[in-house]
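> sequence first, predicted model second:
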Amino acid sequence: MEKEKINQKISELKMEYIRIQGDIEKLESTGHSITKLEEKLQEIEAELKAQYAHLNE
């Protein structure tokens, strides 16, 4: 993958991560379950790690 595409993917993942964090805060404040969103954050973290590894190749 080209570095430009990798950087774009990283930016998209970061924006999604931030959006989900906001959703978690809203759900926590209303007492709803956040388990699935926490799992999604872990998936995003793993994908970010993989993308950074590709970037450093």
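That came through fine. Numbering: from 1, shown residues only.
> can you give me the end-to-end span of stretch 24-40?
In stretch 24-40, first residue to last residue: 11 Å (CA to CA, to the nearest Å).
> actually stretch 21-40, sorry about that
End-to-end for stretch 21-40, by CA to CA: 10 Å.
> list the buried residues of the longest helix belonging to the chain.
Determined from DSSP state H, the single longest helix within the chain is helix 3-30. Residues of helix 3-30 classed as buried: 6, 9-10, 13, 20, 24 (neighbour count, 16 or more other CB atoms under 10 Å). C-betas here are computed from N, CA, C, even on glycine.
> other SSEs contacting it?
The helices and strands touching helix 3-30, judged by 3 or more CB pairs under 8 Å, 6 or more residues apart in numbering; DSSP states H and E, are helix 35-55.
> who touches the helix it packs on?
For helix 35-55, the external contacting residues (CB atoms under 8 Å, 6 or more residues apart in numbering) are 1, 3, 6-7, 9-10, 13-14, 16-17, 20-21, 23-24, 27.
> make it 7 Å
1, 3, 6, 9-10, 13, 16-17, 20, 23-24 (CB atoms under 7 Å, 6 or more residues apart in numbering).
> can you check stretch 16-30 too?
34, 37, 40-41, 44.
> now do 8 Å
33-34, 37-38, 40-41, 44-45, 48.
> tell me the buried residues within those residues.
Counted by 16+ other CB under 10 Å, the contacts of stretch 16-30 give 34, 37, 40-41, 44 as buried.
> closest one to residue 57 out of those, please.
Proximity of the buried ones among the contacts of stretch 16-30 to residue 57 (CB to CB) peaks at residue 44, which lies at 20.6 Å.
> pull the number of nearby residues for residue 51.
Each residue near residue 51 was counted by other CB atoms under 10 Å, and the total is 20.
> cool, and the one 3 residues further on?
Summarising burial for residue 54: neighbours were counted as other CB under 10 Å, giving 13.
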